[in-house]
Each structure stands twice: as C-alpha cells, then as structure tokens.
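Asker: I'd like to go over a predicted model; first the sequence, then the structure.
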Amino acid sequence: MKINDAINNLPNLEKEKAVCLETTVLTHGMPYPQNLECALACEEEVKKAGAKPYTIGIINGEIKIGLTRKEIEALAQSHDAIKVSRKDISYCIANKLTGSTTVAATMILASLAKIRVFATGGIGGVHRGFNETMDVSADLREFRSTPVSVVCAGPKAILDIPRTLEYLETEGVSVIGYQTEYMPLFYTRKSDYKLDIVAKDASDIAKIIYLNEKVGLKQGNLIVNPIPEKYSLDYDYMDKQIKEALKMMAKDHISGKRVTPYLLDKLVGLTKGKSLESNIALIKNNAYVAGLIAKEYIDLK
Ligand code: PSU
Ligand code: MN
C-alpha cells in the first residue's frame, strides 16, 4: 500500500445518514465480552433509529470507516491495540499498527469521510487534580477544529466537571442538552449545572449542525443525553467510589493516556459491575439518539 492510499481510499458519506462509533471504549474502556456486546448493540441502535453505523478504528495501519463484525470481534479481544488519540494517528498508520480510536481521533477520521454525527459514552475532559497534573483530554480541543457532533452522556464522572465546562465555553463549543436543562453527569441523570442550550428533539440539533456549516464554523457540537432513569446511579455513591479509585491511581503512579482506562477499570470492580451496566445502557441510548439526529440532518440538506 502506498502511503497516500491510507487517505485517498476513504469513502465520502456526505449524503448518507451515517453515525460513527469509536473503539477506544471497546479496547480500553470495558472488559470482554461486555465490550463486544456493547459495540454490536450500539450498531443495532443506530439502525433502529433509521441511520447507518460506522465503527471506526485502524487495522494494520489502514483507516477503517465501518469495521466488519470480524474486525470488531478481534479488537474487543485484543490486548495490544494501541489507544489512538490525535497525536497517535500518523504514527499508527506509518508503522502499520492496529489501534482503537478515542473521541478526538474518531472525530478526525470521521470528518475525512464527511460523517457529521458520532455517538459515544463519555468524552474526555479536564481531570480532577488538574492544578498538579495539567491533565486535559485532547478530546476537548478537537471540538473547536473538527466538524463532527458528538452525543454523549455528559463528561465522565471521574473528571473535574466545572473546569471541563469552562474549557468548552472558552473553546466556543455549543453544549446542547437533549431534552434536558441540566448537565447530565454520565452515570447520574441530573445535576445542578444549568445548560444554556436545550433541544426538545433531534431536529433542533440537526438545525444547529447545519447552521454551523452555513455560518462557516468548522467545529463540532457536544450533545449531552441523560442516562435512562432505570440505570442512573446515585451521585454521592459514585463520587465515593471515584475518590477510592483516584487513591489507587496515585499509589500505582498512573499518568498520561493510561489514566482514563485505569479509572474505568477500577470502578467496575469497586461498584461490583454496576458502573459497567450503566455505561452500556447510556452508550446504547446515545447511539439511538445519534441515529435520529443523523436522519434529521440529512433530510435538512
Ligand atoms: N468514556 C467512557 N469510556 C471510555 C472513554 C470515554 O465511558 O473508554 C474513552 C474515549 O475513547 C475517550 C477517551 O475519548 O476515553 C479519553 O481518554 P483521555 O482522557 O486519555 O483523552
Ligand atoms: Mn489525559
């Protein structure tokens, strides 16, 4: 394969009701086999909503827009797929490596294929202890420069929520509540953080995505969709578990790209699987809503 083929052979999905899905959550965010079940269920949710799913990753240096079921299965069981964020994309391709893509990297690759809607669980953000570590996920800055809108269940509870919101505000990112006036907090349905922008349905969101383009704002929106009531976990309970996980992390001297996977893994144990069950429920819910938005968006065009 010539070096340019990696980019030239990508599909153009401008006119398709397409929703992309990331793969870091598959390889670094959940254990096997729940990760595989979750990935396949998300594709089904997108279809149920009337859109077409494209799970994105890099296999042996090749960008894949729409992994096959076999490739998803292989990634779900892989122990050596690298976690690919913005900084790792070209390295992964150049060295013919296999990598799962984070929110930031998935946005970049989706944008090459002109996919405008993306579903995930939670985005990265400003970490607790930021004053010491300066740990801010590359996900946050991606919204400023890449026109892909992401449906999530709010910033992951392991983060510093107010600082994450301030950062998005600074970058000029529209944070849109899907049928909610308050910021959902990933595992927890509701919080006291009031949102400036509220959408009553998918068509409200599709209009914003469409107008961003017309106005020349080449940026993504963050759509926050609360976890279904049935799976919502108590905030104080989760906060206690998160503080415990953070203590373990300090002891184990974890930093950089290992932080998020480490914390998510510890939480599954600390909550006896409850965090995992909620995580799966919220991602599926996001995939469905993303499907609705993709449909409305293409109809508008
Ligand atoms: N949210 C989850 N599970 C995950 C992630 C987010 O519930 O595994 C992943 C996403 O791929 C996100 C990444 O982009 O973690 C953020 O990692 P970092 O904080 O290192 O940028
Ligand atoms: Mn980080």
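Answerer: The structure has been received and is ready for your questions. Ligands and ions are numbered 1, 2, ... in the order given.

Asker: wait, does stretch 8-25 contact ligand 1?
Answerer: Yes. Using C-beta under 6 Å from any ligand atom, stretch 8-25 reaches ligand 1 at Glu22, Thr24, Val25. The C-beta positions use only the backbone N, C-alpha and C, and glycine is treated the same way.

Asker: need the distance between the two termini of that stretch.
Answerer: One end of stretch 8-25 to the other measures 27 Å (C-alpha to C-alpha, to the nearest Å).

Asker: mean pLDDT per helix and strand in this protein: which one sits at the bottom?
Answerer: Sorted by mean pLDDT, DSSP states H and E, the helices and strands of the chain end with helix 5-8, the least confident at a mean of 78.

Asker: show me what that one packs onto, helices and strands only.
Answerer: strand 62-65 (3 or more C-beta pairs under 8 Å, 6 or more residues apart in numbering; DSSP states H and E).

Asker: which elements pack onto the strand it packs on?
Answerer: By 3+ C-beta pairs under 8 Å, 6+ apart, strand 62-65 packs against helix 5-8, strand 52-59, helix 103-112.

Asker: which element follows the shortest one toward the C-terminus?
Answerer: Of the helices and strands lying after helix 5-8 in sequence (DSSP states H and E), the nearest is strand 18-21.

Asker: which stretches in the stretch 151-300 of the chain count as helices?
Answerer: 161-171, 202-215, 235-251, 259-270, 274-300 (DSSP state H, counting those that start in this stretch).

Asker: what does the stretch 151-300 of the chain put close to ligand 1?
Answerer: Checking the stretch 151-300 of the chain against ligand 1 by C-beta under 6 Å from any ligand atom, the hits are Lys156, Lys257, Thr260, Leu264, Asn279.

Asker: what's the farthest-apart pair in those?
Answerer: For these, the farthest-apart pair by C-beta to C-beta is Lys257 and Asn279; their separation is 19.2 Å.

Asker: the more surrounded of these two?
Answerer: Asn279 (26 against 20; other C-beta atoms under 10 Å).
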